[in-house]
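Novice: kindly return the folded structure for what I paste below:
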Amino acid sequence: MRTNWGGAFQIAAVYVGTVVGAGFATGREIVEFFSRFGFFGLIGILMSGYMFIFMGSKLMRIAAKIGASSYEEFNIYLFGKFFGTLINFLMLFMLLGVCSVMLSGAGAVFQEQLGISKLAGILGTIALSIAVMVIGIRGVFAVNAFVVPMMIAFSFILLSLSVKLPDFTQKVLYIPLVSDGWKSVVAPFSYTAFNLGLAQAILVPAAAEIKNDNTVKWGGIIGGIALTLILISSHLTLIMLPGLESYEIPMATIMKNLASSLYWVFVLIIYGEIFTSVIGNVFGLERQIQKYFPAPTIVIVAGIFIVTYLISLVNYGTLLSYLYPLFGYISIAFIILLWMKPFDAS
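Specialist: Residues are numbered from 1 along each chain as shown. Okay, here's the model as predicted:
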């Protein structure tokens, strides 16, 4: 079976674009799971990268083989009817939590980087999201075709500037003393499980559409390698920021310090990533809720925004540091079963 390299790079782009969400864009997610542990965080990233390459590829290959049109079908195949349905229902709450973190992140961008109140940022993002949903969504997802490559380029620009800073090598090898250091051992597994668990919503139907096993396999491998390189690049930049845990949007702060001329472009890119993620999550949630509670779309979307608005009022860093690891621990069962599931390409 010949590999369609165009299709493989298309799959890789979808993979990277799905995982590189708001927490990734701001740098806060990388700090929480990896960078605050110093050198142990770098080891964790390499472990996580290995899983992104092989587990992500396996997830999509299985999806293509069974022809799963949605993550619900995939989870039922992986966990069985009863537990699969339970996991799918649990994912609704996880998506709701992630959407709240995204909104809180939008508010944090306004508050920390623009000096505008967090509430104004959250309400403005909700209003803009509803307006886009009424007008049409296709154009917004096209923004990702611009935002993701730009963000990757900026992460490598920041790395090239960070390498020149004094004490770079010492910072890379430094192991800080943290009270919850045991989490550095679990972090690679919970981080990868959380991201792959939620990315299923897009990766499963995308892989099933391609069908060609070699193309899907290499798409997963290329995407996994790209994610690993971005993680390493962002981590090596973040560790150069003193008191990195005290910032809501650490990547923007670093950009302001190292390349101030590009700062406003970078803030706009971060906000664009958050905004498209909010809309994508709300659309995904609305479609899933319709299956359990049929109601007019506007009623469900309004309900989603009311719930996520109330949760998003919590501090962005606090919300992310509690919800994302929790969702990661819940998702570990998913990655264990994915690892155990035998796969025969024939």
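
Novice: could you list the low-pLDDT ranges of this structure?
Specialist: For the chain, the stretches with pLDDT under 70 are 1, 21-23, 135-145, 345-346.

Novice: count the residues that sit near residue 289.
Specialist: Residue crowding around residue 289 was assessed by other Cβ atoms under 10 Å; the count is 20. All C-beta atoms are positioned from the backbone trio N, CA, C, and that covers glycine.

Novice: excluding chain neighbours, what is closest to it?
Specialist: Nearest-residue entry for residue 289: residue 300, 5.2 Å, with adjacent residues in sequence omitted and distances by Cβ to Cβ, 6 or more residues apart in numbering.

Novice: buried sites along the helix or strand where the one you found lies?
Specialist: For residue 300, the element it lies in under DSSP states H and E is helix 297-312. Of the residues in helix 297-312, 300, 301, 304, 305, 308, 309, 311, 312 count as buried by neighbour count, 16 or more other Cβ atoms under 10 Å.

Novice: contacts only, for the closest residue to residue 47 other than its chain neighbours.
Specialist: Once flanking residues are discounted, residue 47 sits nearest to residue 188: 3.9 Å by Cβ to Cβ, 6+ apart. Contacts for residue 188 (Cβ atoms under 8 Å, 6 or more residues apart in numbering) come out as 33, 44, 45, 47, 48, 51.

Novice: helices of the stretch 151-300 of the chain, residue ranges please.
Specialist: Taking DSSP state H, counting those that start in this stretch, the helices of the stretch 151-300 of the chain run over residues 168-173, 183-210, 213-238, 250-258, 263-292, 297-312.

Novice: distance to residue 325 added to those helices, as CSV?
Specialist: Conversion of the helices of the stretch 151-300 of the chain to CSV gives the following (distance: least, Cβ to Cβ, whole Å):
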stretch, distance to residue 325
helix 168-173, 24
helix 183-210, 6
helix 213-238, 17
helix 250-258, 18
helix 263-292, 19
helix 297-312, 16
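
Novice: quick check: which of those is nearest to residue 318?
Specialist: helix 297-312 (11.3 Å; Cβ to Cβ).

Novice: who wins on neighbours among the contacts of residue 188?
Specialist: When neighbours are counted by other Cβ under 10 Å, residue 33 leads those with 31 neighbours.

Novice: check the gap between it and residue 327 for me.
Specialist: Here residue 33 is placed at a distance of 12 Å from residue 327 (Cβ to Cβ, to the nearest Å).

Novice: same thing with residue 152?
Specialist: 25 Å.

Novice: swap in residue 190?
Specialist: Applying Cβ to Cβ, the value for residue 190 to residue 327 is 8 Å.

Novice: what's the answer for residue 234, then?
Specialist: 20 Å.

Novice: higher neighbour count, those two?
Specialist: residue 234 (30 against 23).

Novice: can you tell me which residues contact the more buried one?
Specialist: 24, 27, 30, 155, 158, 159, 251.

Novice: residue 277 contacts residue 101, doesn't it?
Specialist: No: using Cβ atoms under 8 Å, residue 277 is not in contact with residue 101, being 9.5 Å away.

Novice: between the two, which one's more packed in?
Specialist: residue 101 (30 against 27).

Novice: let me know the helix or strand that the more buried one is in.
Specialist: For residue 101, the element it lies in under DSSP H and E is helix 81-108.

Novice: show me what that helix is packed against.
Specialist: Packing contacts for helix 81-108, counted by 3 or more Cβ pairs under 8 Å, 6 or more residues apart in numbering; DSSP states H and E, involve helix 22-26, helix 71-79, helix 118-135, helix 183-210, helix 263-292, helix 297-312, helix 316-340.

Novice: pick the most buried one from the ones you listed.
Specialist: helix 22-26 (a mean of 27; mean count of other Cβ atoms under 10 Å).

Novice: look at residue 233 and say how many residues are nearby.
Specialist: Neighbour number of residue 233 under other Cβ under 10 Å is 19.

Novice: check contacts around it.
Specialist: 155, 156, 158, 159.

Novice: at 6 Å what do you get?
Specialist: Residue 233 is in contact with 155, 156, 159, counting by Cβ atoms under 6 Å, 6 or more residues apart in numbering.

Novice: please tabulate those in a markdown table and include neighbour count and distance to residue 66 as additional columns.
Specialist: Output for the contacts of residue 233, formatted as a markdown table (neighbours: other Cβ atoms under 10 Å; distance: Cβ to Cβ, whole Å):
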| residue | neighbour count | distance to residue 66 |
| --- | --- | --- |
| 155 | 25 | 35 |
| 156 | 14 | 37 |
| 159 | 18 | 39 |
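
Novice: quick one: which of those is nearest residue 341?
Specialist: When the contacts of residue 233 are compared against residue 341 (criterion: Cβ to Cβ), the nearest one is residue 155, at 33.1 Å.

Novice: from residue 309, how far out is that closest one?
Specialist: According to Cβ to Cβ, residue 155 stands 30 Å off from residue 309.

Novice: nothing else from me, thank you.
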